[in-house]
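A.B. asks: need coordinates for the following:
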Amino acid sequence: MRRLQHLMLLLVLAASGAAVHAADAPPLFTLHEVGKGVWAAVSPTPSSAGSNAGFVIGDDSVLVIDTFEDPAAAQALLKAIRDKTALPVRYVVNTHYHLDHVAGNGVFDKAGAVILAQRNVRAWERTENLKFFGSKITPAQKAMVQSYVLPSVVYRDGIELHLGKRMVIVRVMPGHTGGDSVVVVPDANVVFTGDMFWNHNLPNLIDADTAAQIASNATFLNDYPAATFVPGHGEVAHAADVRAFRDYLVTLRQSITTARSKGEHGDVLTQDVLAQLKPTYSDWDYFGYFAAKNIAQTVAELAGDKRRPVPAP
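C.D. replies: Predicted structure coming up:
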């Protein structure tokens, strides 16, 4: 909850043009070398960076995964890359359109990088992100979203990128938004999952197809059983953590299905499902903020009433 309150404060400050970094602010992110030349930038709780990011250093260039929520954090990430290598930053892959993963695109665009994403990201980045400000969005907030730099290269199912001899595979997988990319570094056995996986964090399910997200997490476990996983939120992880997240989504769906079979709905259903989730998941980050939302959004999904973004034609 503290992190989400911090997020909303940042949005207000950014929209007003006010400074967003106090002298006693926590670090924007911490760097972890998760494979040779493969770095995870993990955002702590709280941090104005808003999510995790990372970068891969190849033989002749660098690829960046996601650009945070705060352009200042993106600038700090660019500096961290410059501290590691003088090679050009050639590519940025946005794992999905949500503002906490794309707001720093402009920093890397100015540095000469090509921004890539699944084609729906380009269609949704300046439209669907408006909903995160609520019904009373201000002109300044609208202008901020309209200023986000869009991907200039889009793909439908994925793309293979080469940083000299180093290959990076970008896979499109269903679940979190309908436009999600996973970045795989085969020679380091590292997978950047974006928000397809949250490590010991309850997820934002506003756009999610939880059945598809469960299946995608099963694919992670089947295809990359010994990988190091960099989640969209939370610490660097391994297969057991992915399994725990998948099990949360399974438990959420099963608990709702059971409650509905008893004729429960509304607050009675919510309280019943919360009571089933709390023993295992109440110590996960975001539980206080997202648990009830997860229930309501999954109820709508199971009932066939959930609104999702319309895919690009």
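A.B. asks: for residue 169, see how far away the residue nearest the centre of the chain is.
C.D. replies: Residue closest to the average C-alpha location in the chain (C-alpha atoms, centre = their mean): residue 195, at 3.4 Å. The gap separating residue 195 from residue 169 is 19 Å, by C-beta to C-beta, to the nearest Å. Heads up, the C-betas are built off the backbone N, CA and C, glycines and all.
A.B. asks: with residue 76 instead?
C.D. replies: 27 Å.
A.B. asks: compare the two (neighbour count), which wins?
C.D. replies: residue 76 (20 against 14; other C-beta atoms under 10 Å).
A.B. asks: that one contacts residue 30, correct?
C.D. replies: No. If you go by C-beta atoms under 8 Å, residue 76 and residue 30 don't touch, sitting 11.3 Å apart.
A.B. asks: hang on, the earlier thing: mind checking how far the helix or strand that contains the residue nearest to the centre of the chain is from the chain centre?
C.D. replies: Assigned by DSSP states H and E, residue 195 belongs to strand 190-198. On the basis of C-alpha atoms, centre = their mean, to the nearest Å, strand 190-198 sits 7 Å off its chain's mean C-alpha point.
A.B. asks: what strands line up against that strand, and which way round?
C.D. replies: Sheet pairing of strand 190-198 (DSSP bridges) gives strand 180-185 (antiparallel), strand 228-233 (parallel).
A.B. asks: export the last one to CSV, keeping only CA atoms.
C.D. replies: These are the backbone C-alpha positions of strand 228-233, laid out as CSV (Å, rounded to 0.1, in the frame of the first residue of the first chain):
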residue,chain,number,x,y,z
THR,A,228,17.1,-16.8,-13.4
PHE,A,229,13.9,-14.7,-13.7
VAL,A,230,13.7,-10.9,-13.5
PRO,A,231,10.1,-10.1,-12.6
GLY,A,232,8.3,-6.9,-13.4
HIS,A,233,8.1,-6.3,-9.6
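A.B. asks: following that strand, which helix or strand comes up?
C.D. replies: That would be, after strand 228-233 and using DSSP H and E, helix 239-261.
A.B. asks: in that following helix, what's buried?
C.D. replies: Residues of helix 239-261 classed as buried by neighbour count (16 or more other C-beta atoms under 10 Å): 241-242, 244-246, 248-249, 252-253, 255-256, 259.
A.B. asks: kindly report the same for stretch 210-229.
C.D. replies: By neighbour count on 16+ other C-beta under 10 Å, the buried set for stretch 210-229 is 210-214, 216-217, 219-220, 224, 227-229.
A.B. asks: including secondary structure and pLDDT, could those go into JSON lines?
C.D. replies: JSON lines is the format used below for those (DSSP: H, G, I helix; E, B strand; the rest coil; pLDDT from 0 to 100):
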{"residue": "210", "secondary structure": "helix", "pLDDT": "98"}
{"residue": "211", "secondary structure": "helix", "pLDDT": "98"}
{"residue": "212", "secondary structure": "helix", "pLDDT": "98"}
{"residue": "213", "secondary structure": "helix", "pLDDT": "98"}
{"residue": "214", "secondary structure": "helix", "pLDDT": "98"}
{"residue": "216", "secondary structure": "helix", "pLDDT": "98"}
{"residue": "217", "secondary structure": "helix", "pLDDT": "98"}
{"residue": "219", "secondary structure": "helix", "pLDDT": "98"}
{"residue": "220", "secondary structure": "helix", "pLDDT": "98"}
{"residue": "224", "secondary structure": "coil", "pLDDT": "98"}
{"residue": "227", "secondary structure": "coil", "pLDDT": "98"}
{"residue": "228", "secondary structure": "strand", "pLDDT": "98"}
{"residue": "229", "secondary structure": "strand", "pLDDT": "99"}
